[in-house]
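Quick one, structure for this:
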Amino acid sequence: MQKRNLKDANSKRSIWPRLVTLAFVLAFATIAVSLLPRGFSEDTSLIGKGTNALLLVHDSNILQSADTMAAMNEIRDEYAGRLELIVADIQTPSGKAFADRNGFQPVALVFYSANGENLQTLYTPQTGASLRQELNRVFGY
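Predicted structure coming up:
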């Protein structure tokens with residue numbers, strides 16, 4: 001008889017606490033994912049398609065490359081719509097092929113005009129402020 005009463009008590013439990021908990025977990029996961037940094041385009045075919053472009057030849061094994069990528073991320077929203085931010089990762093076949101074809105070494109930061117002309121290539125470390133200054137100088141923003 002006592003086993004039967006426990007079975008009845010378990011079957012009468014409300015499912016609402018579980019659903020509310022699941023909803024909170026899903027909401028938290030959604031917010032956490034939305035706060036992750038956005039990636040950069042790896043589509044080098046965007047160069048010369050009518051919008052100025054800034055391309056980083058990225059190597060994840062070089063600290064300067066990561067610092068420059070962080071500087072690009074810092075200025076991303078400020079130049080949205082006026083500038084394509086592209087990464088050619090030399091750890092991928094397409095990124096390595098692009099760098100080799102154009103003679104770029106890792107950490108190269110290349111400024112392309114809207115028609116695809118290489119206006120400038122930098123190999124020096126960049127911060128958000130120095131990158132902003134170069135973009136304004138090179139592209140006249």
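
quick one: low-confidence parts of the chain?
Applying pLDDT under 70 to the chain flags the ranges 1-12, 33-38.

so the most centrally placed residue in it, which of the three states?
By Cα atoms, centre = their mean, the chain has its centre lying nearest to residue 39, at 1.9 Å. At residue 39 the chain is in coil, as set by DSSP: H, G, I helix; E, B strand; the rest coil.

residues contacting residue 115?
Residue 115 makes contact with 48, 50, according to Cβ atoms under 8 Å, 6 or more residues apart in numbering. C-beta: built from backbone N, CA, C; applies to glycine.

redo that, cut-off 6 Å
By Cβ atoms under 6 Å, 6 or more residues apart in numbering, the contact list for residue 115 reads residue 48.

give me phi/psi at it?
Note on residue 115: backbone dihedrals following degrees, to the nearest 10 are phi -90, psi 10.

distance of it from residue 76?
Distance, residue 115 to residue 76, using Cβ to Cβ, to the nearest Å: 23 Å.

What are the boundaries of the helices in this protein?
Along the chain, counting by DSSP state H, helices occupy 2-11, 16-34, 63-75, 93-102, 128-139.

What are the contacting residues of the last one?
Yep, that's helix 128-139 we're talking about. For helix 128-139, with Cβ under 6 Å, 6+ apart as the criterion, the contacting residues are 52, 71, 74-75, 111, 119-120, 141.

same thing with the third one?
Taking contacts as Cβ under 6 Å, 6+ apart, the residues outside helix 63-75 that touch it are 56, 58-59, 85, 107, 109, 125-128, 131-132.

Show me which residues of stretch 58-72 are buried.
The neighbour-count check on stretch 58-72 (16 or more other Cβ atoms under 10 Å) flags 58-59, 65, 68-69, 71-72 as buried.

nearest to residue 16, of these?
Distance to residue 16 across the buried residues of stretch 58-72 (Cβ to Cβ) is lowest for residue 69, with 45.7 Å.

before we move on, the earlier item: identify, from the contacts of helix 63-75, the entry nearest to residue 18.
Nearest to residue 18 among the contacts of helix 63-75, counting by Cβ to Cβ, is residue 85 at 43.4 Å.
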